[in-house]
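Trainee: All I have is the shape, not the residue letters:
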């Protein structure tokens with residue numbers, strides 16, 4: 001037995017205390033008694049096992065203190081006393097011995113402070129004990145801080161641990177809070193001032209060094225022109241979801257997961273001053289509109305290669321496309337059709353009576369009414385929109401493709417399209433319903 005160098009009795013149901021006679025095994029190098037039902041303390045006679053390289057007692061019911069004699073073990077030794085009930089302080093000699101390679105004392109009831117000497121051990125785990133006091137400043141340079149979790153009374157200048165000087169912390173808070181409040185007021189004032197400047201210069205745009213214009217509203221972060229080009233593969237036809245009088249509409253899924261609709265103007269139109277004015281009008285009008293039945297504008301781009309608007313993506317597309325599809329048209333019952341009429345009327349009423357100056361769409365038709373997944377109506381395509389300034393002449397110019405224009409606008413210079421929109425849509429939807437009945 002004296003020549004025994006390895007003793008592994010782990011994962012048995014051994015009970016009782018550790019025999020003192022083990023200390024007589026002078027050549028013992030590996031002792032594993034883990035995962036048993038051992039009780040009592042570590043016998044001091046173990047100091048006689050001077051050649052012991054692995055001392056494993058984890059997952060037992062051992063109590064008492066961690067012996068400083070363990071510091072006399074062989075170089076590169078591993079000591080695992082985790083998951084027991086050891087108490088008291090960690091012997092400082094364990095750190096100064098210079099021989100330990102691994103020391104696992106986690107999940108015990110150890111108390112006291114953490115000695116800086118423990119940085120001399122390669123691997124140390126002291127988690128889930130009752131240690132207290134300040135963590136040595138350079139501790140995280142040698143051991144990860146997660147090996148200290150579960151010790152609620154530890155403090156230090158580390159993330160996840162409270163400061164050791166609450167009085168100093170409070171004084172810093174008292175100093176920082178007034179400054180933070182002042183900066184908050186300054187930021188709020190700057191924000192309000194910038195909003196006022198935007199209101200006073202509605203038609204002005206910021207120009208970049210190469211002559212390109214780009215701006216985003218209501219979007220998380222800046223969308224680069226290159227990003228739009230990449231996600232649409234340079235406006236490949238497979239992303240095209242519609243073609244209008246001024247250009248094509250593309251569906252784009254941005255890197256952040258958001259889906260938008262891009263209205264790309266044709267190249268020839270980009271170079272036409274009239275279309276440039278029309279483009280700016282659309283941006284100017286839509287950037288100020290906030291209504292639940294009007295499509296939202298997220299941004300725009302004026303680039304040497306192309307010009308486009310970035311819109312909210314509406315899932316089902318235009319009312320015209322839905323009515324032209326027999327299956328979707330059947331799903332569009334009279335209740336939903338009436339809601340579409342009401343939503344459109346609300347949008348036009350908002351444009352005519354709540355916007356200052358009033359706004360005339362001048363191109364209302366089923367192709368410019370978009371529907372979402374719940375068949376809610378959204379008025380879109382303000383490419384021909386004109387602003388009526390109440391302080392000047394109320395005459396308007398008719399341009400672009402012709403949809404529904406109120407007779408009063410053409411002959412009496414008044415903007416009551418919301419009165420007539422009900423009639424024209426009611427007739428359109430009724431005719432479509434009649435066609436479906438004849439087909440059936």
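Mentor: Noted; the coordinates are in hand. All of these numbers come straight from a predicted model, not from anything done at the bench. Numbering: from 1, shown residues only.

Trainee: Can you show me the helices along the chain?
Mentor: Secondary structure of the chain (DSSP state H): helices at 93-96, 166-200, 225-231, 267-270, 273-286, 319-323, 326-331, 334-349, 407-412, 417-439.

Trainee: Any idea which of these has the lowest pLDDT on average?
Mentor: Note on these: helix 407-412 shows the lowest mean pLDDT, a mean of 44.

Trainee: Who are the contact partners of the residue nearest to residue 368 when sequence neighbours are not counted?
Mentor: Using CB to CB, 6 or more residues apart in numbering and skipping residues adjacent in sequence, the residue nearest residue 368 is residue 381, 4.4 Å away. All C-beta atoms are positioned from the backbone trio N, CA, C, and that covers glycine. Taking CB atoms under 8 Å, 6 or more residues apart in numbering, we find residue 381 in contact with 244, 363, 367-368.

Trainee: What separation do you get for residue 381 and residue 186?
Mentor: For residue 381, the distance to residue 186 (CB to CB, to the nearest Å) stands at 41 Å.

Trainee: State the distance from residue 46 to residue 138.
Mentor: Taking CB to CB, one finds residue 46 at 32 Å from residue 138.

Trainee: Please say which of those two ends up with more neighbours.
Mentor: More neighbours surround residue 46 than the other of residue 46 and residue 138, with 22 against 9 (other CB atoms under 10 Å).

Trainee: Contact partners for residue 3?
Mentor: Here residue 3 is in contact with residue 27 (CB under 8 Å, 6+ apart).

Trainee: Actually, residue 21.
Mentor: residue 45.

Trainee: buried residues in stretch 27-38?
Mentor: 28-36, 38 (16 or more other CB atoms under 10 Å).

Trainee: can you check stretch 311-331 too?
Mentor: 311-314, 316-323, 329.

Trainee: Determine how far the last residue of it lies from the first.
Mentor: 26 Å (CA to CA, to the nearest Å).

Trainee: Ok, stretch 238-247 next?
Mentor: 15 Å.

Trainee: low pLDDT regions in the stretch 101-250 of the chain?
Mentor: Per-residue confidence for the stretch 101-250 of the chain (pLDDT under 70) gives these ranges: 166-175, 195-224, 245-246.

Trainee: quick check, nearest of the buried residues of stretch 27-38 to residue 176?
Mentor: residue 34 (50.2 Å; CB to CB).

Trainee: Go ahead and confirm the closest one touches residue 55.
Mentor: No: taking CB atoms under 8 Å as the definition, residue 34 is not a contact partner of residue 55, at 10.0 Å.

Trainee: Now for those two: what residues contact both?
Mentor: With CB under 8 Å, 6+ apart, residue 34 and residue 55 have common neighbours residue 80.

Trainee: ok, what's across the strand from residue 39?
Mentor: Beta-bridge pairing of residue 39, defined through DSSP bridges, involves residue 61.

Trainee: The buried residues of stretch 311-331 into TSV, with extra columns for distance to residue 257?
Mentor: Formatted as TSV, the buried residues of stretch 311-331 follow (distance: CB to CB, whole Å):
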residue	distance to residue 257
311	17
312	15
313	12
314	17
316	20
317	21
318	25
319	27
320	29
321	25
322	26
323	31
329	32
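
Trainee: Strands of the stretch 1-150 of the chain, start to end?
Mentor: Assigned by DSSP state E, counting those that start in this stretch, the strands in the stretch 1-150 of the chain fall at 6-8, 15-16, 30-32, 37-40, 54-56, 61-62, 77-80, 87-89, 100-104, 109-111, 123-125, 132-134.

Trainee: neighbouring strands for the third one, and are they parallel or not?
Mentor: Read that as strand 30-32. Short version: by DSSP bridges, strand 30-32 pairs with strand 6-8 (parallel), strand 54-56 (parallel).

Trainee: Just the buried residues of the last one, please?
Mentor: Within strand 54-56, the residues scored as buried using 16+ other CB under 10 Å are 54-56.

Trainee: Out of those residues, which is nearest to residue 42?
Mentor: residue 55 (9.1 Å).

Trainee: Report pLDDT for the closest one.
Mentor: The model's pLDDT for residue 55 equals 90.
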